[in-house]
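Colleague: Sharing a model prediction with you, sequence too.
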Amino acid sequence: IVDEDFKGGQPFGVAGVRVSCNSFVKFDHAYTDRDGYYQMPKQFSANLRYRLVFENEKGFSIGFNLVLVPASVSTLGKAGPEGVSAQIDTSSETKLFRRCVVNNAAYDYISRCSYEDMNLQVPPADLRIWIFHSLTVSSAVMLHHGAVVESELLSSFFGNFTSLLTYFLPDVTIGAEGKDDYASLYSTVCHELAHSSHFAQVGTGYWNRYIRYILESYFTTGDPYGDGQAGGAEYCSLGESWAYYLESLMYKERYGGSVPSFGSSYWFYPQIFRYLDERGVDRSDIFSVLKSDVVTKGELKSSLIRSFPHKRTVIEQVFGRYGN
């Protein structure tokens, strides 16, 4: 796949995705490695039909989860038994391009959660990601992993797609309308998977209150974040600050330049985490205190000081700038 803004536009692998092939009734599949290479366990002699099945070895899938169809499928056509190669870019079929970008972004995020890198909680196993090509809004509703949301509130956010959600229960939804380049999809996936890591740490009780605030705000005002005055706003404040902060860092680390200020115009001021980071309280430190008993910024401040007493002065300075 090609990301025009990364590695000088040179193609790199579609990582960890399942390649399936068949010749009549003989089927086989294999997962690509990080560089996009694969090898089928079986041997074939005739021409084969090749498909990408977006079920990733990292434990997530993109699209429907059925008994016979575990995820979205993109056909690659017929080719010989030596294998098929494909280069995917913005001129490729739109669904194929978007699925491959979301696949790689999620693979990258989960890989980087390791202790040696970002040292974050990985998203829950069997994470279900859906791409909605005609929606702009994205979410981490975490329905497959037990979050409970009223159908009326889901309907305000997802419209005609609500019945699909309540039946198939995705965890993360990506609104892809208008996101026709790699970078914008990558950024969105990083944001939503930052939420899924947060969910894995705080649990469904916390998440139910958080998602309810988001959906009720969207239902009443058309803005998922509201004005910060309704009940449950404190959950939104910490959750969205974390996701925008991590999204900004990962975007900068991929594309270079200065750290983008994603979300900085909102009332919850996600840049509070950025200022902490610049002063030595890094993403792993911040995430370590984002537990189910930390709901308000005051509780966040207290928990940071307890966990990192040697950084107390810095923490108090940052919270003094943005209030408690």
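Modeller: Received, thanks.
Colleague: ok, which stretches of the protein are helices?
Modeller: 94-112, 151-158, 162-168, 182-202, 204-221, 233-255, 271-278, 283-288, 297-307, 312-322 (DSSP state H).
Colleague: Now tell me what touches the fifth one from outside.
Modeller: With contact meaning CB atoms under 8 Å, 6 or more residues apart in numbering, helix 204-221 is reached by 137, 139, 141-142, 145-150, 152-154, 156-157, 199, 223-227, 230-233, 235-236, 239, 292, 295. C-beta here means a position set from N, CA and C on the backbone, and glycine is covered the same way.
Colleague: Tell me the buried residues within the residues you listed.
Modeller: For the contacts of helix 204-221, a neighbour count by 16 or more other CB atoms under 10 Å gives the buried set as 139, 141-142, 145, 147, 149, 153-154, 156-157, 199, 224-226, 232-233, 235-236, 239, 295.
Colleague: To V73, which of the helices of the chain lies closest?
Modeller: Counting by CB to CB, V73 lies closest to helix 94-112 out of these; the figure is 9.4 Å.
Colleague: pLDDT wise, what is G175 at?
Modeller: We have a pLDDT of 94 for G175.
Colleague: if I pick the nearest residue to it once chain neighbours are set aside, what's in contact with it?
Modeller: Among residues not flanking G175 along the chain, L135 sits closest, at 3.9 Å (CB to CB, 6 or more residues apart in numbering). Neighbour list for L135: F158, F161, T173, G175, A176, E177 [criterion: CB under 8 Å, 6+ apart].
Colleague: 10 Å instead, please
Modeller: Counting by CB atoms under 10 Å, 6 or more residues apart in numbering, L135 touches F157, F158, G159, F161, T173, I174, G175, A176, E177, G178.
Colleague: Repeat that for R128.
Modeller: 60-65, 71, 142-145, 168-173.
Colleague: Can you go through those and name the buried ones?
Modeller: The buried subset of the contacts of R128 - by 16+ other CB under 10 Å - is 60-65, 71, 142-145, 169-173.
Colleague: Where is pLDDT lowest across the residues you listed?
Modeller: N65 (65).
Colleague: Would you agree P81 is in contact with Q39?
Modeller: No - the pair P81 and Q39 fails to qualify as a contact (CB atoms under 10 Å) at a distance of 11.9 Å.
Colleague: higher neighbour count, the two?
Modeller: P81 (15 against 10; other CB atoms under 10 Å).
Colleague: Let me know the pLDDT of that one.
Modeller: pLDDT, P81: 94.
Colleague: Quick one: residues contacting the residue nearest to it when sequence neighbours are not counted.
Modeller: Nearest non-adjacent residue to P81, counting by CB to CB, 6+ apart: F44, 3.9 Å away. Contacts for F44 (CB under 10 Å, 6+ apart) come out as C21, N22, S23, K26, D28, G80, P81, E82, G83.
Colleague: Spit out the contact partners of the last one.
Modeller: G83 makes contact with V19, C21, A30, Y37, Y38, Q39, M40, F44, L48, Y50, according to CB under 10 Å, 6+ apart.
Colleague: between those, which is nearest R283?
Modeller: Y37 (31.4 Å).
Colleague: Spatially nearest residue to the closest one (excluding sequence neighbours)?
Modeller: Y37's closest residue in space is G13 (CB to CB, 6+ apart), at 7.0 Å.
Colleague: Count the neighbours of the one you found for me.
Modeller: So G13, with other CB under 10 Å, has 16 neighbours.
Colleague: so who does it touch?
Modeller: I1, T32, D33, R34, D35, G36, Y37, Y38, N104, Y107.
Colleague: most surrounded residue in those?
Modeller: Most surrounded of the contacts of G13: other CB under 10 Å gives N104, at 25 neighbours.
Colleague: Check what pLDDT it gets.
Modeller: Model confidence at N104 (pLDDT) stands at 98.
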